[in-house]
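Colleague: The following block contains a protein sequence and its predicted model.
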Amino acid sequence: MKYHKSFGLPAENAAIDHGANPEEWTDKNIEIVKEQQKRIGLSYDWTRMIYSHDPKYYK
């Protein structure tokens, strides 16, 4: 199974270990961490997030 996005080897391996698509796995985990950070009161400008696995970022 070969993917052409920049998820990073640990993210790809975790997705494969769980039988998930690496893009979906990564996006889901980003949302989980983002919600955790909001719950503990961290304040970021969420509109400025960078997704290194997004083709608009790395092309």
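Modeller: Arrived safely. Quick caveat, the model's predicted, so the values are computed rather than measured. Numbers count the residues shown, from 1 in each chain.
Colleague: how long is stretch 52-59 end to end?
Modeller: End-to-end distance of stretch 52-59: 10 Å, with CA to CA, to the nearest Å as the criterion.
Colleague: What are the buried residues along it?
Modeller: Residues His53 are the ones in stretch 52-59 that count as buried (16 or more other CB atoms under 10 Å). The C-beta positions use only the backbone N, C-alpha and C, and glycine is treated the same way.
Colleague: How about stretch 39-54?
Modeller: Counting neighbours by 16+ other CB under 10 Å, stretch 39-54 gives His53 as buried.
Colleague: so how far is that stretch from its chain's centroid?
Modeller: How far stretch 39-54 lies from its chain's middle: 11 Å, per CA atoms, centre = their mean, to the nearest Å.
Colleague: same thing with stretch 25-35?
Modeller: Using CA atoms, centre = their mean, the offset of stretch 25-35 from its chain centre is 6 Å.
Colleague: same check, this time on stretch 18-35
Modeller: Using CA atoms, centre = their mean, the offset of stretch 18-35 from its chain centre is 5 Å.
Colleague: do the same with stretch 50-59
Modeller: In terms of CA atoms, centre = their mean, the centre of stretch 50-59 is found 11 Å from the chain centre.
Colleague: What is the end-to-end distance of it?
Modeller: Note: stretch 50-59 ends 13 Å apart using CA to CA.
Colleague: Let me see the mean pLDDT of stretch 34-53.
Modeller: For stretch 34-53, the mean per-residue pLDDT is 89.
Colleague: can you check stretch 20-31 too?
Modeller: Stretch 20-31 comes out at a mean pLDDT of 90.
Colleague: Show me the contact partners of that stretch.
Modeller: Stretch 20-31 is contacted from outside by Tyr3, Lys5, Phe7, Ala11, Glu12, Ala14, Ala15, Ile16, His18, Tyr51, His53, using CB atoms under 8 Å, 6 or more residues apart in numbering.
Colleague: That concludes my questions; thank you for your assistance.
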